[in-house]
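# no sequence on hand, only this structure:
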């Protein structure tokens, strides 16, 4: 069997919410042994503290050990586990783990070549480093909300966008640190600011301001290089299809699809500049046609003619009828250990592996393996630690 990229690498995850679990999930998928340190009944659908059993894919394929590391004995167990590991991934607020004896300086004393990734809101240094928050706030701070929505309305809501940006940088940094350790024998501390990772995605807007002193604003569905460029109403309640026409040739094709050749020759719409100047009137004409057809029909006809188009799917479309997601088996049926071994669907990781990864384990499922096989604790000590509430 071909060896996986990170086979033989052990990762300790002290993570919650999204960014930390998603980061360590990618390492697990690449063959690393990821041990997630958890507290009994403190994992939610995304590894968030509080409720649930955590079948979201960013907990799949990992090992779960339940240790209360706020106690001295629990902290000692974590230290011993880290001494036999290669990487520690954590996404607590800046400085939290350091105050609990799990900062990089502490870990270096235990394992000099350890690689530690701390991926918090705004990094481990600076006046805002201790701010605790989530991607909802960082999406606003990084500027995504400011450019999302319509110019005559309040900023849009883009959710936890930065939570899914930061893991990409995290993974690259970890792989680079592993290569550096391979060549030098030295570990590293990776201080990741999710805020700065988000701002990286604003590059063109930052460049525009630097060169032209122009502050980007909200443009709705408008695109200066395309017309039509909008989501258009179709048959059915709240059904839409997005259409984007970038060239005059595509406009000719669009007019043939809607069987309106006169529109293609109309001087108010014949060129991109003309269409942009008369965009409101043009959108009304497009809506008149799309509103007589289903979104699926509009998408199919446009794509067959070489015009970019896509129906605006809702969650029912994605889970029940999207042919591409069905073919790729994107939604997984997983068993929930609680309350009664019920099954549910969950989103897959966004890529296919030759070997399907394991689903999320119940909290503490791998206590025996971690405590006995890795740390070598005798049964008597495990029983004592359980009775003292150090492990669950």
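Noted; the coordinates are in hand. Source: prediction; values computed, not measured.
# just give the closest residue to residue 285, not the sequence neighbours.
Of all residues not flanking residue 285 in the chain, residue 263 sits nearest, at 6.9 Å (Cβ to Cβ, 6 or more residues apart in numbering). Every C-beta, even on glycine, is put in place using the N, C-alpha and C of the backbone.
# please read the previous query as pertaining to residue 151.
Excluding its sequence neighbours, the residue lying closest to residue 151 (Cβ to Cβ, 6+ apart) is residue 218, at 4.9 Å.
# before we go further, the one you found is sitting in a strand, right?
No: counting by DSSP: H, G, I helix; E, B strand; the rest coil, residue 218 is not part of a strand but coil.
# burial check on it, number of neighbours?
17 (other Cβ atoms under 10 Å).
# quick check: it vs residue 284, distance?
Remark: distance between residue 218 and residue 284 (Cβ to Cβ, to the nearest Å) = 22 Å.
# and for residue 82?
Residue 82 is 64 Å from residue 284, where distance means Cβ to Cβ.
# hmm, the residue nearest to residue 285 is touching residue 269, no?
Yes: counting by Cβ atoms under 8 Å, residue 263 touches residue 269, with 6.2 Å between them.
# quick one, which of these two is more surrounded?
residue 269 (24 against 19).
# on that earlier part again, who has more neighbours, residue 82 and residue 284?
Remark: of residue 82 and residue 284, residue 82 carries more neighbours, 23 against 9, as counted by other Cβ under 10 Å.
# show me where pLDDT drops low in the stretch 1-150 of the chain?
The stretch 1-150 of the chain contains residues with pLDDT under 70 at 1, 40-60.
# in the stretch 201-350 of the chain, which spans are strands?
With DSSP state E, counting those that start in this stretch, the ranges of strands along the stretch 201-350 of the chain come out as 229-233, 240-244, 308-311, 331-335, 343-347.
# how about a markdown table for those strands, with mean pLDDT and distance to residue 76 added?
Output for the strands of the stretch 201-350 of the chain, formatted as a markdown table (pLDDT from 0 to 100; distance: least, Cβ to Cβ, whole Å):
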| stretch | mean pLDDT | distance to residue 76 |
| --- | --- | --- |
| strand 229-233 | 97 | 57 |
| strand 240-244 | 98 | 56 |
| strand 308-311 | 98 | 55 |
| strand 331-335 | 72 | 34 |
| strand 343-347 | 70 | 35 |
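# may I see the ones you listed organised as TSV, with distance to residue 9 and mean neighbour count added?
Formatted as TSV, the strands of the stretch 201-350 of the chain follow (distance: least, Cβ to Cβ, whole Å; neighbours: other Cβ atoms under 10 Å):
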stretch	distance to residue 9	mean neighbour count
strand 229-233	45	20
strand 240-244	42	21
strand 308-311	39	18
strand 331-335	25	15
strand 343-347	26	13
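# nearest to residue 93, of those strands?
Closest approach to residue 93 among the strands of the stretch 201-350 of the chain is made by strand 343-347 (27.0 Å; Cβ to Cβ).
# show the subsequent helix or strand relative to the closest one.
Downstream of strand 343-347, the first helix or strand assigned by DSSP states H and E is helix 367-368.
# so how far is residue 144 from residue 275?
From residue 275 to residue 144 the distance is 28 Å (Cβ to Cβ).
# residue nearest the centroid of the chain?
Relative to the mean C-alpha position of the chain, the nearest C-alpha, by Cα atoms, centre = their mean, is the one of residue 164, at 2.7 Å.
# got the buried residues for the strand or helix carrying that residue?
Assigned by DSSP H and E, residue 164 belongs to helix 161-184. By neighbour count with 16 or more other Cβ atoms under 10 Å, helix 161-184 contains the buried residues 161-163, 165-167, 169-171, 173-174, 177-178, 181.
# ok, now stretch 364-375?
Using 16+ other Cβ under 10 Å as the test for burial, stretch 364-375 gives 364, 366-367, 370-371, 374-375.
# what of stretch 74-90?
Buried residues in stretch 74-90 (16+ other Cβ under 10 Å): 74-75, 77-82, 85-90.
# for the residue nearest to the centre of the chain, what are its contacts?
The neighbours of residue 164, taking Cβ atoms under 8 Å, 6 or more residues apart in numbering as the test, are 18-19, 22, 135.
# go with 7 Å
Going by Cβ atoms under 7 Å, 6 or more residues apart in numbering, residue 164 touches residue 22.
# measure it to residue 138 for me?
Taking Cβ to Cβ, one finds residue 164 at 11 Å from residue 138.
# likewise residue 125?
Going from residue 125 to residue 138 by Cβ to Cβ gives 17 Å.
# swap in residue 206?
Taking Cβ to Cβ, one finds residue 206 at 16 Å from residue 138.
# mind listing the strands for the stretch 51-200 of the chain?
Secondary structure of the stretch 51-200 of the chain by DSSP E, counting those that start in this stretch: the strands cover 63-66, 87-90, 115-120, 188-193.
# strand partners (parallel or antiparallel) of the first one?
Paired neighbours of strand 63-66 in the sheet (DSSP bridges): strand 33-38 (parallel).
# centre of the chain to the partner strand, how far?
The chain centre lies 19 Å from the centre of strand 33-38; the measure is Cα atoms, centre = their mean, to the nearest Å.
# who touches that strand?
Contacts of strand 33-38 (Cβ under 7 Å, 6+ apart): 10-15, 24, 27-28, 59, 62-67, 69, 78, 81, 363, 370.
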